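Engineer: The sequence and its predicted three-dimensional model are supplied below.
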Amino acid sequence: MKKNILLFIGTLLLSVLLFGWMEQSAQPEQAATERAKQQFTRDLEAFEQLLVSRLLPLAEKGTDTKALQQTFLLCRQGYKKLEHFTEYYAPGTSRLLNGAPLDEIEVEETKSFEPAGLQVVEELVYAEEGELDKAELIRQIKNLRNQVARIRTVWSVTELTDAHLFDALRLQVFRVITLGISGFDTPICKTAMTEAATSLASLRTYATYYPKNAETNTLNQLFEQAETYLTQHADFDTFDRAIFIRTLANPLTTKLLAYQKSLDIQPFNEARVLRADAATLFDSAVFNPDFYAPHADMRTNRWKVMLGEKLFFDPILSHNNSRSCASCHQPDRAFTDGLPKAATLTGKGAGLRNTPTILNAALQNGQFYDLRSQTLENQSLDVVHNIDEMHGSLDEAALKLQRLKEYMSLFQQAFPRFKGNVEPVQIQNALAAYERSLVRLNSRFDRYMRGEEKAMTLEEISGFNLFMGKAKCGICHFMPVFNGTIPPNFAKTESEVIGVPASSKVNAATGRHEIDGDLGRYALTKLDPLKYAFKTPTVRNTELTAPYMHNGVFKKLDEVVDFYDKGGGSGLKIALSNQTLPEDNLNLSAQEKEAIIAFMKALTDAPVQPSKGALASLTFSK
């Protein structure tokens with residue numbers, strides 16, 4: 001009897017254990033997003049420990065500079081494991097963790113805020129021997145600790161989805177190739193490549209949380225190859241960015257997208273300037289020019305483009321029908337005019353500034369050299385009404401256009417809600433639509449990055465590597481548009497203070513160079529950091545857009561490169577306390593300068609051919 005009871009109990013216990021094991025086995029594997037949240041939390045805690053337990057005590061001690069610098073580099077590595085999500089979910093706080101060491105400007109509030117974060121700490125820990133500002137360093141590290149707390153709060157309420165995770169991973173690869181390997185946030189320590197490797201290794205970890213399939217092995221191999229290449233070629237000045245991007249980074253983002261889709265995780269279809277389903281940064285249709293349109297009704301259609309082109313080349317918008325937009329923005333000069341400063345409407349004297357290209361102007365959220373207009377619509381209003389440019393009136397132009405049958409037909413087709421009366425805003429929107437159609441990203445450089453290995457010469461490739469590395473051009477002229485709109489979100493267009501001189505020659509009276517008197521953004525917003533600040537323009541098609549700078553002071557590209565090589569205005573002995581351009585001499589050789597110029601010429605696109613209807617009203621003369 002006792003034996004039977006024991007047998008029954010044993011059988012029952014085995015059944016319970018077996019049932020429990022079966023129930024546990026039947027439970028679904030932990031979701032990838034949950035594992036990702038836990039991973040980020042662990043990395044955030046590790047980063048905080050580096051700051052609080054290691055970097056802060058060394059700062060308080062303030063005597064072991066080498067240990068301080070080594071620990072700082074560990075902190076930077078720790079942050080790179082977090083950057084993909086901090087930038088994605090908390091960009092404002094991320095700026096305070098790793099933003100540029102320059103004042104942050106809030107134009108709307110006419111306020112500037114002091115910089116903070118790892119880049120500020122970098123300047124402190126690499127200060128000259130005996131010049132360590134211990135109190136400021138301690139303050140900055142404690143501020144970093146506070147920002148970590150803010151990130152933790154944001155992260156605790158963040159609902160991470162599969163689509164958001166893959167979106168953040170691919171954007172981070174784009175950030176690595178545009179900002180990371182250009183040295184944007186490592187100007188002194190020059191650890192860009194090892195940090196990029198750390199970032200990619202972190203992204204690979206997150207990707208492994210998803211099921212294995214036919215795409216997995218190739219994806220892992222690409223991650224590992226990219227990390228290895230970065231680690232083995234860590235020297236900043238000699239790193240081959242062209243090879244890395246074309247043969248490793250581009251295939252990596254392409255495969256990440258393919259893997260995402262293979263898991264039936266679809267990319268977002270929301271309106272963004274950088275399309276969410278772009279396989280690489282160099283896809284022919286990677287950008288959505290309509291993103292910066294004021295609202296949905298102002299998005300482009302082909303009828304608006306046709307109407308806008310006709311208006312662009314028609315002098316009807318100007319005073320006495322004497323000038324069109326194309327008078328200054330000439331297609332065969334990449335929509336510039338070849339003059340140092342734009343000619344006035346009367347022909348007497350010159351305008352305030354050089355005429356900028358409007359090719360790719362749609363890919364920035366600020367127009368004019370002083371960024372006074374956020375939209376292309378407002379830009380056209382300003383130009384048409386400017387007494388020196390067109391001295392026109394959109395109200396009067398609307399009345400004139402209403403009397404022309406061909407125009408009325410185009411307005412009817414361009415604007416579905418058109419009620420028979422031409423409105424000034426419709427003229428503005430049509431002109432803006434035409435400008436948005438002028439996105440041109442098919443230069444030899446673009447074709448090279450899309451896999452056409454022979455599209456660029458060895459000298460041009462060398463020039464690209466210098467542009468994005470030693471010459472420091474890429475930290476202001478951001479790839480792939482090579483203007484001041486910051487990737488990979490392209491939400492903000494930057495301005496810089498570089499110290500452009502009034503003349504390429506010294507002042508005969510003073511024996512030195514003088515700063516150009518144009519105050520730039522300061523004329524509109526009275527904040528000292530904005531004195532002599534101007535929008536960073538694109539260097540695409542720069543072969544066709546001479547002379548250069550906002551005042552046309554330099555006639556040739558070699559003069560421009562020499563100016564930057566010397567350290568901008570500072571190198572010309574112009575006293576400018578707020579210069580944002582690095583003041584150090586770049587020490588470029590003659591051969592390196594020639595290579596940089598050759599690369600910039602490889603950014604020249606095919607000329608835009610206006611339609612026959614537009615050419616019929618062309619008014620400018622050469």
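Structural biologist: Sure thing, it's come through. Residues are numbered from 1 along each chain as shown.
Engineer: Sketch out the low-pLDDT regions of the stretch 501-622 of the chain for me.
Structural biologist: For the stretch 501-622 of the chain, the stretches with pLDDT under 70 are 612-622.
Engineer: and what of the stretch 151-300 of the chain?
Structural biologist: By pLDDT under 70, the stretch 151-300 of the chain has no low-scoring segment.
Engineer: Okay, helices next: where are they in it?
Structural biologist: Under the criterion DSSP state H, counting those that start in this stretch, helices of the stretch 151-300 of the chain are mapped to 162-175, 192-207, 216-232, 241-244, 250-262.
Engineer: for the fourth one, which positions count as buried?
Structural biologist: What that stands for is helix 241-244. For helix 241-244, the neighbour count (16 or more other CB atoms under 10 Å) marks Arg241, Ala242, Phe244 as buried. For the C-beta atoms, the positions are set from N, CA and C on the backbone; glycine is no exception.
Engineer: Name the residues that touch that helix?
Structural biologist: With CB atoms under 8 Å, 6 or more residues apart in numbering as the test, helix 241-244 has contacts from 177, 181-182, 226, 229-230, 233, 448, 456, 461, 464-465, 468-469.
Engineer: count of residues packed around the closest residue to Phe223 other than its chain neighbours?
Structural biologist: Nearest in space to Phe223, with sequence neighbours left out and distances taken as CB to CB, 6 or more residues apart in numbering, is Arg204 at 4.0 Å. Residues within reach of Arg204, counting by other CB atoms under 10 Å, total 18.
Engineer: Same check on Tyr292?
Structural biologist: 25.
Engineer: Setting the sequence-adjacent residues aside, check what's closest to it.
Structural biologist: Tyr292 sits nearest to Asn365 (CB to CB, 6+ apart), 5.3 Å away.
Engineer: How many neighbouring residues does the one you found have?
Structural biologist: Neighbours of Asn365 under the rule other CB under 10 Å: 17.
Engineer: go on, Ala362?
Structural biologist: Using other CB under 10 Å as the criterion, Ala362 is surrounded by 26 other residues.
Engineer: next one: Glu128
Structural biologist: 6.
Engineer: Hmm, the residue nearest to Phe223 is touching Leu222, no?
Structural biologist: No - when contacts are counted by CB atoms under 8 Å, Arg204 is not listed as touching Leu222 (9.3 Å).
Engineer: circling back: now distance to His295 too, for the helices of the stretch 151-300 of the chain, in a markdown table please.
Structural biologist: Converted to a markdown table, the helices of the stretch 151-300 of the chain look like this (distance: least, CB to CB, whole Å):
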| stretch | distance to His295 |
| --- | --- |
| helix 162-175 | 24 |
| helix 192-207 | 35 |
| helix 216-232 | 39 |
| helix 241-244 | 38 |
| helix 250-262 | 30 |
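Engineer: closest one to Tyr434 among the ones you listed?
Structural biologist: Closest to Tyr434 of the helices of the stretch 151-300 of the chain is helix 162-175 (CB to CB; 28.8 Å).
Engineer: who's in contact with the closest one?
Structural biologist: Against helix 162-175 from outside (CB under 8 Å, 6+ apart): 32-33, 36, 83-85, 87-88, 199-200, 203, 206-207, 210, 249, 252-253, 256-257, 260, 263, 265-268, 274, 276, 281, 487-489.
Engineer: Tabulate the CA atom coordinates of that helix in CSV.
Structural biologist: Included here for helix 162-175 are C-alpha records, laid out as CSV according to Å, rounded to 0.1, in the frame of the first residue of the first chain:
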residue,chain,number,x,y,z
ASP,A,162,9.8,47.0,-34.1
ALA,A,163,9.4,49.6,-36.8
HIS,A,164,10.8,52.3,-34.6
LEU,A,165,13.7,50.1,-33.6
PHE,A,166,14.8,49.4,-37.2
ASP,A,167,14.2,53.0,-38.1
ALA,A,168,16.5,54.1,-35.3
LEU,A,169,19.2,51.6,-36.3
ARG,A,170,19.3,52.7,-40.0
LEU,A,171,19.3,56.3,-39.1
GLN,A,172,22.3,55.7,-36.8
VAL,A,173,24.3,54.2,-39.6
PHE,A,174,23.5,57.3,-41.6
ARG,A,175,24.6,59.4,-38.7
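Engineer: Spatially central residue in the protein, please.
Structural biologist: By CA atoms, centre = their mean, the chain has its centre lying nearest to Ile486, at 2.2 Å.
Engineer: secondary structure element for Arg76?
Structural biologist: Take DSSP states H and E as the rule and Arg76 turns out to sit in helix 65-80.
Engineer: Against which helices or strands is that helix packed?
Structural biologist: Helix 65-80 sits against helix 32-49, helix 56-61, helix 118-125, helix 192-207, with contacts defined as 3 or more CB pairs under 8 Å, 6 or more residues apart in numbering; DSSP states H and E.
Engineer: could I get those helices as a markdown table with distance to Gln77?
Structural biologist: Converted to a markdown table, the helices and strands packed on helix 65-80 look like this (distance: least, CB to CB, whole Å):
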| stretch | distance to Gln77 |
| --- | --- |
| helix 32-49 | 9 |
| helix 56-61 | 16 |
| helix 118-125 | 11 |
| helix 192-207 | 5 |
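Engineer: on that earlier part again, my guess is the residue nearest to Tyr292 contacts Asn483. True?
Structural biologist: No - look at Asn365 against Asn483 with CB under 8 Å: they stay out of range, at 10.9 Å.
Engineer: joint contacts of the two?
Structural biologist: Thr493.
Engineer: Okay, strands next: where are they in the chain?
Structural biologist: Using DSSP state E, the strands of the chain run over 104-106, 111-113, 495-496, 534-535.
Engineer: Most neighbours of all the contacts of helix 241-244, which one?
Structural biologist: Phe464 (28 neighbours).
Engineer: ok, for that residue, nearest residue in space, not its chain neighbours?
Structural biologist: Excluding the flanking residues, the one nearest Phe464 by CB to CB, 6+ apart is Phe599, at 4.7 Å.
Engineer: Identify the residues contacting that neighbour.
Structural biologist: Phe445, Glu460, Ile461, Ser462, Gly463, Phe464, Leu466, Phe467.
Engineer: Any chance of those residues in a markdown table with distance to Glu435 as columns?
Structural biologist: Below are the contacts of Phe599 laid out as a markdown table (distance: CB to CB, whole Å):
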| residue | distance to Glu435 |
| --- | --- |
| Phe445 | 22 |
| Glu460 | 29 |
| Ile461 | 32 |
| Ser462 | 34 |
| Gly463 | 29 |
| Phe464 | 27 |
| Leu466 | 32 |
| Phe467 | 26 |
